[in-house]
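Colleague: any chance you can model this:
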Amino acid sequence: METDITARLAFVPPQKPQIPTFYCPATGIYTSKHPKRAIPLDPNLDLVSFLLSHRHSGDQALVDSRTGDSIAYTSLQSLVDSFACGLQNIGVGKNHVVMILLPNSILFPVVLLGVLRNASVATPMNPLNSIKDIKKQLDSSGSSLVLTFIENVQKIESLGVRAIAIPESLHYDPDNFQIFNRIMNCDPTNAPKPAIKQSDPAAILYSSGTSGPCKGVVITHQNLISMVELFVKFEASQYRDDSSKNVYLAPIPMFHIYGMSLFSIGLLSLGTMVVVMKRFEAKEAVRAIERYRVTHLPTVPPIVAALLRAKRDLGCDLGSLKQVACGAAPLSQKLIDEFSRVFPHVDFIQGYGMTESTAVATRGFNTPSCKKYTSVGLLAPNMEAKIIDLENGNCLPPGSHGELLLRGPAIMKGYLNNEKATSETIVDGGWLRTGDLAHFDNEGYLYILDRLKDTIKYKGYQIAPADLEALLLIHPDIVDVAVTSEENEETGEIPVAFVVQRSGISLSSSEVMDHVNKQVAPYKKVRKVVFVNSLPKSPTGKVLRRLLKISRRNSKI
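Modeller: Predicted structure coming up:
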């Protein structure tokens with residue numbers, strides 16, 4: 001009897017697994033673990049009025065990393081107001097679309113905010129794009145004016161569109177920039193401030209979305225105000241330091257949603273100094289970090305890799321850096337591990353967002369006891385998510401992967417003049433289909449596995465290229481790699497690896513395939529290998545797998 005009692009007392013009945021508070025099984029909705037933030041409700045509030053109304057102790061707003069030319073916070077509003085007034089004086093008005101075809105400069109934010117202050121709509125674009133691509137975006141967006149660098153004016157005007165040359169700083173020759181000089185010398189007190197609603201369009205940025213050709217993403221003033229609150233100001237609130245004491249290096253293009261949201265808009269609400277690089281170059285970045293005591297560095301994967309090379313070649317310690325944040329493209333486990341080892345004093349995080357979500361979705365969040373470097377972090381405040389089954393559309397719990405859907409105040413208004421694409425992307429209930437394969441863990445951290453449109457289907461099985469790329473990058477003789485698909489009559493598609501090998505090494509296709517194939521299920525095996533000198537990538541470091549497919553088809557490799 002005594003034995004039975006002892007056994008009975010020692011027995012602990014199995015407990016049901018505890019349901020995380022951030023996930024609701026009844027609705028399938030994930031919510032942020034962070035407290036909600038108040039978003040301004042005034043329907044007549046525009047972004048620039050909201051942005052420049054913030055009080056802080058910041059001194060220098062924007063500094064040129066190379067020359068040291070700067071714009072002080074005390075001058076920022078008057079410069080923006082003058083530019084907006086000048087646009088009115090040359091006939092640019094409300095809802096007129098203005099293309100900003102410029103590289104990074106300390107004047108980029110002034111130009112952008114001046115366009116928005118004028119109730120016009122900005123459409124940024126990579127200034128290195130071909131004239132064909134520029135014309136395509138001009139026609140699609142309906143732009144009536146282009147703001148560009150001086151060497152580009154004649155080329156743009158040959159397309160029948162007015163162009164104005166913009167200098168790199170306020171130290172310019174008025175004879176070379178006559179129209180700009182006239183614009184900047186306008187007295188804004190003589191110009192009426194246009195009426196702008198939060199719901200009015202502010203910007204048109206181009207994205208391929210979940211599939212197909214590039215489409216114009218319409219971002220409203222309300223989207224951008226939400227971005228400032230949920231992305232920039234929220235992240236700053238996670239740290240005890242006074243934001244006006246922080247120094248950010250800006251190597252990411254401001255024509256991209258990531259760079260535009262941070263450097264041209266959000267950080268200016270905090271009084272932070274933004275050190276602007278015209279283009280990223282590793283030695284210049286290291287010099288700027290040391291000269292300006294940079295504390296925060298938002299990056300993309302190629303910059304992370306370049307910093308590691310700089311450590312090896314230059315011996316820099318980047319001692320002033322407190323945080324490095326990576327986004328815009330997937331980052332390999334190999335790079336993450338190496339960076340954390342080489343720069344242990346830096347808080348390394350990843351983040352996730354889309355053009356269609358105004359760069360807002362998740363942000364890395366490290367604590368002394370929890371450092372999940374491979375995750376893109378926790379949902380931002382006020383954001384919701386779903387993970388849906390690829391076959392039946394059912395909502396999935398933590399630990400299950402499927403397509404990621406997002407909902408929140410930063411989600412775009414829609415695609416420009418494309419109701420079909422809008423209705424396919426923003427579905428019932430205002431949910432944005434991201435086209436990304438993802439899952440949440442039991443603590444609410446999100447992991448992005450791959451793009452659905454890049455998923456390879458081999459005999460009906462789905463293969464995420466990123467899984468194979470991660471294994472290939474572990475190989476000591478492989479510098480870079482991208483996996484894509486090739487059509488196959490028997491299997492539907494097969495995985496093909498495009499490999500950049502280390503200089504002086506001669507790998508064979510069989511060596512590469514054996515390295516992967518012994519670590520994966522049979523259906524995931526790499527079936528072909530193509531050796532290349534480099535991979536086609538976007539300015540933010542995304543591998544352009546579509547171009548690899550085209551290249552392979554054209555070359556008949």
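Colleague: what is the mean pLDDT for the helix ranked longest in the chain?
Modeller: Taking DSSP state H as the criterion, the chain has its longest helix at helix 73-89. Averaged across helix 73-89, pLDDT comes to 96.
Colleague: contacts for it, please.
Modeller: For helix 73-89, the surrounding residues in contact (CB atoms under 8 Å, 6 or more residues apart in numbering) are 48, 52, 56, 58-61, 71, 98, 110-111, 113-115, 117-118, 120, 182-188, 190-191, 268, 271. Where C-beta positions appear, they are placed from N, C-alpha and C, glycine not excepted.
Colleague: and for stretch 424-432?
Modeller: Contacts of stretch 424-432 (CB under 8 Å, 6+ apart): 209-210, 354, 356-357, 386, 405-407, 411-412, 414-415, 433.
Colleague: following the longest helix of the chain, which helix or strand shows up next?
Modeller: Reading on from helix 73-89 to the C-terminus, the next helix or strand found by DSSP states H and E is strand 97-101.
Colleague: can I get the CA coordinates of that next one in CSV?
Modeller: What follows is strand 97-101, C-alpha atoms only, in CSV (Å, rounded to 0.1, in the frame of the first residue of the first chain):
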residue,chain,number,x,y,z
VAL,A,97,4.2,63.3,-59.4
VAL,A,98,7.9,64.2,-59.1
MET,A,99,10.6,61.6,-59.8
ILE,A,100,13.6,61.8,-57.5
LEU,A,101,16.5,60.3,-59.6
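Colleague: and it with helix 73-89, angle?
Modeller: 130 degrees (axes from the mean of the first three to the mean of the last three CA atoms, to 10 degrees).
Colleague: pLDDT on whatever helix or strand comes next after strand 97-101, on average?
Modeller: As assigned by DSSP H and E, the chain's next helix or strand after strand 97-101 is helix 108-117. In this model, helix 108-117 has a mean pLDDT of 98.
Colleague: same check on stretch 304-321?
Modeller: Averaged over stretch 304-321, pLDDT sits at 87.
Colleague: got a list of what the nearest residue to residue 94 once chain neighbours are set aside touches?
Modeller: Using CB to CB, 6 or more residues apart in numbering and skipping residues adjacent in sequence, the residue nearest residue 94 is residue 119, 3.9 Å away. By CB under 8 Å, 6+ apart, residue 119 lies in contact with 46, 93, 94, 95, 194, 195, 196, 200.
Colleague: of the residues you listed, keep whichever come out buried.
Modeller: 46, 194, 196, 200 (16 or more other CB atoms under 10 Å).
Colleague: before we move on, the earlier item: most neighbours, which of the contacts of stretch 424-432?
Modeller: residue 356 (31 neighbours; other CB atoms under 10 Å).
Colleague: count the neighbours of residue 496 for me.
Modeller: Residue 496: 22 neighbours (other CB under 10 Å).
Colleague: do the same with residue 60
Modeller: Neighbour number of residue 60 under other CB under 10 Å is 18.
Colleague: how about it, phi and psi?
Modeller: phi -90, psi 130 (degrees, to the nearest 10).
Colleague: also residue 477?
Modeller: Per degrees, to the nearest 10, the backbone of residue 477 is at phi -100, psi 10.
Colleague: hmm, it is touching residue 501, no?
Modeller: Yes: between residue 477 and residue 501 there is a contact under CB atoms under 8 Å: 5.6 Å.
Colleague: between the two, which is the more surrounded one?
Modeller: More neighbours surround residue 501 than the other of residue 477 and residue 501, with 19 against 15 (other CB under 10 Å).
Colleague: now the residue nearest to that one when sequence neighbours are not counted: how far from residue 531?
Modeller: For residue 501, ignoring the flanking residues on the chain, the nearest one in space by CB to CB, 6+ apart is residue 507 at 5.0 Å. Distance of residue 507 to residue 531, computed by CB to CB, to the nearest Å: 7 Å.
Colleague: list the residues that contact both of the two?
Modeller: Joint contacts of residue 507 and residue 531 (CB under 8 Å, 6+ apart) are 499, 501.
Colleague: quick one, domains of the chain?
Modeller: 47-440, 455-555 (automatic domain parsing).
Colleague: what about the first one, how long is it end to end?
Modeller: One end of domain 47-440 sits 33 Å from the other (CA to CA, to the nearest Å).
Colleague: ok, now stretch 519-533?
Modeller: Start-to-end, stretch 519-533 (CA to CA) is 26 Å.
Colleague: pull out the buried positions in that stretch.
Modeller: Result for stretch 519-533 [16+ other CB under 10 Å]: buried residues 524, 525, 526, 527, 528, 529, 530, 532.
Colleague: my guess is residue 196 meets residue 46, correct?
Modeller: Yes: applying CB under 8 Å, one finds residue 196 in contact with residue 46, separated by 3.7 Å.
Colleague: find the residues that touch each one of the two.
Modeller: With CB under 8 Å, 6+ apart as the test, residue 196 and residue 46 both reach 119, 221.
Colleague: follow-up on the earlier one: tell me which of the domains of the chain is the most buried.
Modeller: Mean neighbours per residue, mean count of other CB atoms under 10 Å, is largest over the domains of the chain for domain 47-440, with a mean of 19.
Colleague: how far away from the center of its chain is that one?
Modeller: 8 Å (CA atoms, centre = their mean, to the nearest Å).
Colleague: got a list of contacts for stretch 329-349?
Modeller: Contacts of stretch 329-349 (CB under 8 Å, 6+ apart): 300-301, 304-305, 307-308, 311, 317-319, 321-326, 350, 363-366, 373-374, 377, 448, 450, 466, 469-470, 473-474, 538, 540-543.
Colleague: and if you look at stretch 383-394?
Modeller: By CB under 8 Å, 6+ apart, the surrounding residues in contact with stretch 383-394 are 28-32, 230, 360-362, 379, 395-396, 400-408, 410, 431, 437-440, 446, 452, 462.
Colleague: show me these that map onto strands.
Modeller: 29-31, 362, 379, 402-407, 431, 437-440, 446, 462 (DSSP state E).
Colleague: downstream neighbour of the lowest-mean-pLDDT helix or strand in the chain in the secondary structure list?
Modeller: Lowest mean confidence among the helices and strands of the chain (mean pLDDT, DSSP states H and E): helix 2-10, at a mean of 40. Sequence-wise, the next helix or strand downstream of helix 2-10 (DSSP H and E) is strand 23-24.
Colleague: grab the CA positions of stretch 68-79 and hand them over as PDB.
Modeller: Below are the C-alpha coordinates for stretch 68-79, written out as PDB (Å, rounded to 0.1, in the frame of the first residue of the first chain):
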ATOM      1  CA  GLY A  68      31.800  66.900 -43.700                       C
ATOM      2  CA  ASP A  69      29.200  69.300 -45.200                       C
ATOM      3  CA  SER A  70      26.200  69.300 -43.000                       C
ATOM      4  CA  ILE A  71      22.600  70.500 -42.400                       C
ATOM      5  CA  ALA A  72      21.700  71.500 -38.900                       C
ATOM      6  CA  TYR A  73      18.300  70.700 -37.400                       C
ATOM      7  CA  THR A  74      17.800  74.400 -36.900                       C
ATOM      8  CA  SER A  75      17.900  74.800 -40.700                       C
ATOM      9  CA  LEU A  76      16.000  71.700 -41.800                       C
ATOM     10  CA  GLN A  77      12.500  73.000 -41.700                       C
ATOM     11  CA  SER A  78      13.200  76.300 -43.400                       C
ATOM     12  CA  LEU A  79      15.000  74.400 -46.200                       C
END
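Colleague: can you map out the helices along the stretch 301-450 of the chain?
Modeller: Using DSSP state H, counting those that start in this stretch, the helices of the stretch 301-450 of the chain run over residues 301-314, 333-342, 419-425.
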